[in-house]
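Enquirer: the following block contains a protein sequence and its predicted model.
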Amino acid sequence: METLASVVAHVRSQLNKVVVGQEELVTQTLATILCGGHALIEGVPGVAKTLTVKCLARVLNVGFRRVQCNSDLMPADIVGTNVFDMRLGDFRLHRGSIFTDLLLVDEINRMPPRTQAALLEAMEERQATIDGVTYPLPKYFCVFATQNPVEFEGTYPLPEAQLDRFLLKIMVKYPDLASELKILNEHNMGFNPNEVERLELTPIAAEAVDSARQNLQAVTVEPTLIDYIARLGRKTRDWPAITLGASPRATIALLRVSKAFAAMEGRDFLVPDDVKAATKCTLRHRITLNPEAELEGVTPDETLEQILRSVEVPK
């Protein structure tokens, strides 16, 4: 676990130079990378969603590209296409934005359904199909998609099938007062977050991510905790306020993220608190509340909290 612990400590220290008051966002983006998954980041504009992912790519020393979604975005705009080269008299492959390591898809709910489907293949299969030919994506390929929770005009809600492909849904809140004062003071001293390339961030070797992921497989999980995760998943399918519960893919994701949280704490074994910490961010986008619960203002997080209290914790 030493390699993983050193990677996590280094990334945290570097991101904390730039991102203030968003420890949960940093932790969960790191867990996404360690698990080799994708994350949906939801928060109002201006809470460091884009900045965190850009700095994370710098620190991990991997490729980064950004897609700004709009209603006119076509599949070829993100996947790529074959372009006829007049000089060579032949078609040449022009690779799209998804051929990178960390892909930031900004305002994904503004992406039209046809383009969402192309992104879905890339997320699930880690490959892209262009004119009938399949091309593998880079091994560190990871999608961080953002969406605004308060603006819905001109948006296309993500279907359940695509939501389920996101390992985590990260909810980004406003920073507390102390953090916001620190942000204001740093900007008053001339800090410019738009110049990420000029920030003094120390990158790590990209191969360190491979070693950290291998360490993750060494986390020991007792049978009682496997049973605990299974019972949590099954409880969501029987809960009165939920019409669509967590699938087996969701419980697998809960196991993976719980192991990542344990490893990030420096432990090579899982405890119930790891599962509890991972439950909301892993399942909140994989359950559907019934209309009555939504009308009463019940949130997925509140429902999951009730489920956690109702399932017996293993000793």
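Expert: Thanks, I have it.
Enquirer: report the central residue of this protein.
Expert: By C-alpha atoms, centre = their mean, the chain has its centre lying nearest to residue 39, at 1.6 Å.
Enquirer: give me the low-pLDDT residue ranges for the chain?
Expert: When residues are selected by pLDDT under 70, those of the chain lie in 1-2, 151-155, 193-197.
Enquirer: domains of it?
Expert: Here the chain is described, according to automatic domain parsing, as comprising the domains 2-189+204-209, 219-310.
Enquirer: quick one: which of these is nearest residue 198?
Expert: domain 2-189+204-209 (10.6 Å; C-beta to C-beta). The way it works is simple: take the backbone N, C-alpha and C, and place the C-beta from them, glycine included.
Enquirer: quick one on the thing from earlier: for the domains of the chain, give me JSON lines that also has distance to residue 198.
Expert: Below are the domains of the chain laid out as JSON lines (distance: least, C-beta to C-beta, whole Å):
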{"stretch": "domain 2-189+204-209", "distance to residue 198": "11"}
{"stretch": "domain 219-310", "distance to residue 198": "29"}
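Enquirer: the helix or strand where residue 34 lies: which residues count as buried?
Expert: Per DSSP states H and E: residue 34 is located in helix 23-35. Residues of helix 23-35 classed as buried by neighbour count (16 or more other C-beta atoms under 10 Å): 25, 26, 27, 28, 29, 30, 31, 32, 33, 34, 35.
Enquirer: I'd like these laid out as TSV, including distance to residue 234.
Expert: As requested, the buried residues of helix 23-35 are exported to TSV (distance: C-beta to C-beta, whole Å):
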residue	distance to residue 234
25	30
26	32
27	27
28	25
29	29
30	29
31	24
32	25
33	29
34	27
35	22
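Enquirer: residue ranges of the strands in the chain, please?
Expert: 39-42, 64-68, 80-85, 90-95, 102-106, 127-130, 133-136, 142-147, 168-171, 242-244, 288-289 (DSSP state E).
Enquirer: including distance to residue 274, could those go into TSV?
Expert: Formatted as TSV, the strands of the chain follow (distance: least, C-beta to C-beta, whole Å):
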stretch	distance to residue 274
strand 39-42	18
strand 64-68	29
strand 80-85	40
strand 90-95	39
strand 102-106	25
strand 127-130	32
strand 133-136	33
strand 142-147	22
strand 168-171	14
strand 242-244	23
strand 288-289	26
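Enquirer: number of nearby residues for residue 68?
Expert: For residue 68, the neighbour count with other C-beta atoms under 10 Å is 12.
Enquirer: swap in residue 57?
Expert: 24.
Enquirer: skip the chain neighbours and tell me the closest residue to it.
Expert: Of all residues not flanking residue 57 in the chain, residue 64 sits nearest, at 3.5 Å (C-beta to C-beta, 6 or more residues apart in numbering).
Enquirer: the one you found contacts residue 104, correct?
Expert: Yes - the criterion here is C-beta atoms under 8 Å, and residue 64 meets it with residue 104 at 7.2 Å.
Enquirer: comparing those two, which shows the higher neighbour count?
Expert: Taking neighbours as other C-beta under 10 Å, residue 64 and residue 104 compare with residue 104 leading, 25 against 18.
Enquirer: got the contact list for that one?
Expert: 50, 53, 54, 64, 65, 66, 67, 144, 145, 146 (C-beta atoms under 8 Å, 6 or more residues apart in numbering).
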